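Asker: here you go, sequence then predicted model.
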Amino acid sequence: MSSYDAIYAVVRRIPKGRVATYGQVAELAGLPGQARLVGYALYRVDMQHPDIPWQRVVNAKGKISHSVFRHGTDYAQRSLLEAEGIHFTASARIDLSVYRWNPAET
DNA sequence: AATTTGACCATAA
DNA sequence: GTTATGGCCAAAT
């Protein structure tokens, strides 16, 4: 099992209506402080892990990460998050203090 | 086999 | 608010 697999598992565990930061996912995946790896991993994910709600993982600023691969679909995914009850601020950011996933409650 | 690359975060200036 | 820097891994070319 590679470190990436742990990351995928964690991301899959993010409950609906919640988001997690890269750093948080990294920590839960057993990669303390390696937020970067999460980003690296998620880039190559959906080719082999199409079920991962990658869009529920946001950066420390509470924003959705961009990628040329997504080619603008980030806008659509934002709507999906809103459908889950996640509210975006005027700056297109998420209130992490409110929607940040608390692994201890699930 | 070696090099490139790719969704980050925290700190400092 | 911005820009720069250091730290880390696996897959793709």
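Answerer: Received it, and whenever you're ready, just let me know what you need.

Asker: buried residues, the worst-scoring helix or strand of chain A on mean pLDDT. List them.
Answerer: In chain A, the helix or strand scored least confidently by mean pLDDT, DSSP states H and E is helix A:74-83, which has a mean of 83. For helix A:74-83, the neighbour count (16 or more other Cβ atoms under 10 Å) marks A:78, A:81 as buried. Every residue, glycine included, has its C-beta placed from N, CA and C.

Asker: now do the helix or strand containing residue A:38: distance to the chain's middle.
Answerer: Residue A:38 belongs to helix A:35-45 when assigned by DSSP states H and E. Taking Cα atoms, centre = their mean, to the nearest Å, one finds helix A:35-45 lying 10 Å from the centre of the chain it belongs to.

Asker: quick one: mean pLDDT for it?
Answerer: Mean pLDDT, helix A:35-45: 90.

Asker: in chain A, which residue sits closest to DNA strand B?
Answerer: residue A:42 (2.1 Å; Cβ to the nearest atom of the strand).

Asker: roughly how far apart are the residue lying closest to that residue once chain neighbours are set aside and DNA strand C?
Answerer: Leaving aside its sequence neighbours, residue A:42 sits nearest to residue A:54 (Cβ to Cβ, 6 or more residues apart in numbering; 5.1 Å). Note on residue A:54: its distance to DNA strand C, by Cβ to the nearest atom of the strand, to the nearest Å, is 15 Å.
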